[in-house]
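[1] need a structure here:
(one chain, ligands or ions: 1)
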Amino acid sequence: MQERYKEELKNLFGIRFRRLLTITNMPISRFADTLLRQGEYDSYMGLLVNHFNPATLDGLMCRDQISVGWQGNLYDCDFNQMLDIEVAGGLGIDDISSFSELAGIPITTHDHCFGCTAGSGSSCGGSIDETEGRGLTAGKAA
Ligand code: SF4
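    Alright, predicted model coming up:
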């Protein structure tokens, strides 16, 4: 795929690049609306679920990062922030004196999380692994 993109972008637009990086398109917001409209939401979710890769779990950004909304609301990641899914307990920035207080709190997961755990992951780090498995159990790192 990289070679084809290199060739087409060079020929059509004169664009050159060294490396192609791909990420999973998260089934949320506008993309989810498009999938639903086209009747493809279930098959896309099935694709993500069937490509669950446990090797992505340690690299999930929700394990050691936090998103802070402009009103001080806390979210496990920016995807959850877009969906207004707050951290467990609905804590806000004024409820904590240190981010270390969030260590160990359960991460709020939803269907879209399979976008982070399929194949090599989305914006989360990950690797391709043939190991089979499903389910997501995780908590914030200390
Ligand atoms: S797995 Fe879920 S909570 Fe974690 S980064 Fe991905 S979307 Fe956010």
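[2] could you say which helix or strand contains the most centrally placed residue in the chain?
    The chain has residue 116 as the residue nearest its centroid, 3.7 Å off, counting by CA atoms, centre = their mean. Here residue 116, judged by DSSP states H and E, is contained in helix 114-117.
[3] Tell me the gap between that helix and the middle of its chain.
    Here helix 114-117 is found 6 Å from its chain centre; the criterion is CA atoms, centre = their mean, to the nearest Å.
[4] continuing past the lengthiest helix in the chain, what's the next helix or strand?
    Longest helix in the chain, counting residues (DSSP state H): helix 2-13. Of the helices and strands lying after helix 2-13 in sequence (DSSP H and E), the nearest is helix 29-37.
[5] do you know how far residue 34 is from residue 41?
    According to CB to CB, to the nearest Å, residue 34 and residue 41 sit 9 Å apart. Using the backbone N, CA and C atoms, a C-beta is placed for each residue, glycine as well.
[6] who's more crowded, the two?
    Each of residue 34 and residue 41 has its neighbours counted (other CB atoms under 10 Å); residue 41 has more, 17 against 14.
[7] OK, contacts around the closest residue in space to the more buried one that isn't next to it in sequence?
    Nearest residue to residue 41 in three dimensions, chain neighbours excluded: residue 35, at 4.1 Å (CB to CB, 6 or more residues apart in numbering). The neighbours of residue 35, taking CB atoms under 8 Å, 6 or more residues apart in numbering as the test, are 27, 41, 44.
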